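Visitor: Following is a predicted model, sequence given first.
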Amino acid sequence: MDGDTRLRVTLLGACQASRGAAALPVRGARLRGLLVRLALAGGRTVEPGVLVDAIWPEGPPAGPAHALQALVSRLRRALGAADAVTRA
């Protein structure tokens, strides 16, 4: 183990997330879409509506705020840290 605990997101080729040498499984197109959109923001705040549009381009689901929150919770679990995705 190299001691590096920073999250690394690789977007070119296969979308992957890792922390140090450990690969983090981010399964599902919507979950990966959320990860990619947040990674492209480079640590800046992304409005919920922008995330909904990026994740559901065919149109938002019923209850988009709840659906987005559920997806964010899944991403936090996949990344292994509650503070991996924060709300501003």
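Guide: Nice, thanks for sending it over.
Visitor: Could you find the residue nearest the spatial middle of this protein?
Guide: Geometric centre of the chain, nearest residue: residue 35, 2.5 Å, by CA atoms, centre = their mean.
Visitor: Now do the same for that residue: its pLDDT.
Guide: Residue 35 is assigned 94 on the pLDDT scale.
Visitor: give me the element it is part of.
Guide: helix 29-40 (DSSP states H and E).
Visitor: returning to what we had before: right, and the residue nearest to the centre of the chain touches residue 17 too?
Guide: Yes. Taking contacts as CB atoms under 8 Å, residue 35 lies within contact range of residue 17: 6.3 Å. In this view, the C-beta of every residue, glycine as well, is placed from N, C-alpha and C.
Visitor: circling back: helices or strands up against the helix holding residue 35?
Guide: strand 7-10, helix 48-55, helix 64-79 (3 or more CB pairs under 8 Å, 6 or more residues apart in numbering; DSSP states H and E).
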